[in-house]
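S.K.: Model the structure of this input:
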Amino acid sequence: MSALSAHVLEEIKELPSKYPQPRSAVMPALDLAQEELGHLTPEAMSEVAVALELDPGYVEGVATFYSLFHLEPVGKHRFYVCTNLSCMLRGANEIVDRLKQSIGVTQPNQVSPDLLFSYEEVECLGACEFAPMMRLDHKYHYDLTPETINDVVAQLRKTGLLPTRGEVAPPHSSGGGPQGRRGSAGGEIQAPKKPRATRKKKADG
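M.R.: Below you'll find the model as predicted:
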């Protein structure tokens, strides 16, 4: 029995035509597989490899290299909190502490009791100018405060929908950067089309 639905497999097979190099389709393909299953199983990665006509070892290597791909079950909503230098200097540790308190976990990758949330700390999301920031599911949230975390978690619990204020959609790339590479990452995101509010914060790093 196939791990992925026929619809998702068809979407994956169409991806290589959208890229100069067919291998560049592997990350969006894994994204589609993970979105359907919640995490990447060995069977799903094998099916992605077959659909893209790639070596299974290469597909598995990509899945294990990037921290935004999960090989074990995670919460329905996944927080990726940047704790690299710029974010750390502007309060990332406080953001992590509030997030753990808010969703009811004590450590990274632990799933909340209601199965809705999990989080991990990532080395960089390529958006230092918006520190402290995080990615939540498929959207970036910037200029975070502990109150922001409370509001986001409360809204997700109540409606299941993400707030629109303070979001920037990350670009889809085949390299490191905003995808959250294990170890380090660079990259850019599109700046918000509004001036940033002036408020007291720790100095930029």
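S.K.: buried stuff in the helix ranked longest in the chain?
M.R.: In the chain, assigned by DSSP state H, the helix with the most residues is helix 146-159. Using 16 or more other CB atoms under 10 Å as the test for burial, helix 146-159 gives 148, 149, 152, 153, 156. C-beta: built from backbone N, CA, C; applies to glycine.
S.K.: With stretch 47-58 instead?
M.R.: By neighbour count with 16+ other CB under 10 Å, stretch 47-58 contains the buried residues 47, 48, 49, 51, 52, 54.
S.K.: Might you specify the subset of those located within helices?
M.R.: Among the buried residues of stretch 47-58, the members found in helices (DSSP H) are 47, 48, 49, 51, 52.
S.K.: could you give the angle of the one helix or strand residue 101 maps to to helix 146-159?
M.R.: Using DSSP states H and E, the element containing residue 101 is helix 92-103. For helix 92-103 against helix 146-159, the angle by axes from the mean of the first three to the mean of the last three CA atoms, to 10 degrees is 30 degrees.
S.K.: tell me what helix 92-103 is packed against?
M.R.: The contact analysis (3 or more CB pairs under 8 Å, 6 or more residues apart in numbering; DSSP states H and E) places helix 92-103 against strand 77-82, strand 117-122, helix 146-159.
S.K.: Compare these and give me the one nearest residue 28.
M.R.: strand 77-82 (17.3 Å; CB to CB).
S.K.: hmm, who's touching that closest one?
M.R.: With CB atoms under 8 Å, 6 or more residues apart in numbering as the test, strand 77-82 has contacts from 67-68, 70, 87, 92, 95-96, 99, 103, 116-125, 127, 131-137, 156, 180.
S.K.: rewinding a little: could you provide the buried residues of stretch 47-58 in CSV, with additional columns for distance to residue 61 and pLDDT?
M.R.: Formatted as CSV, those follow (distance: CB to CB, whole Å; pLDDT from 0 to 100):
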residue, distance to residue 61, pLDDT
47, 16, 97
48, 12, 97
49, 11, 97
51, 17, 96
52, 14, 96
54, 10, 95
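S.K.: picking up where we left off before, what's the most distant pair in the ones in helices among the buried residues of stretch 47-58?
M.R.: With CB to CB as the measure, no two of those lie farther apart than 47 and 52, at 9.7 Å.
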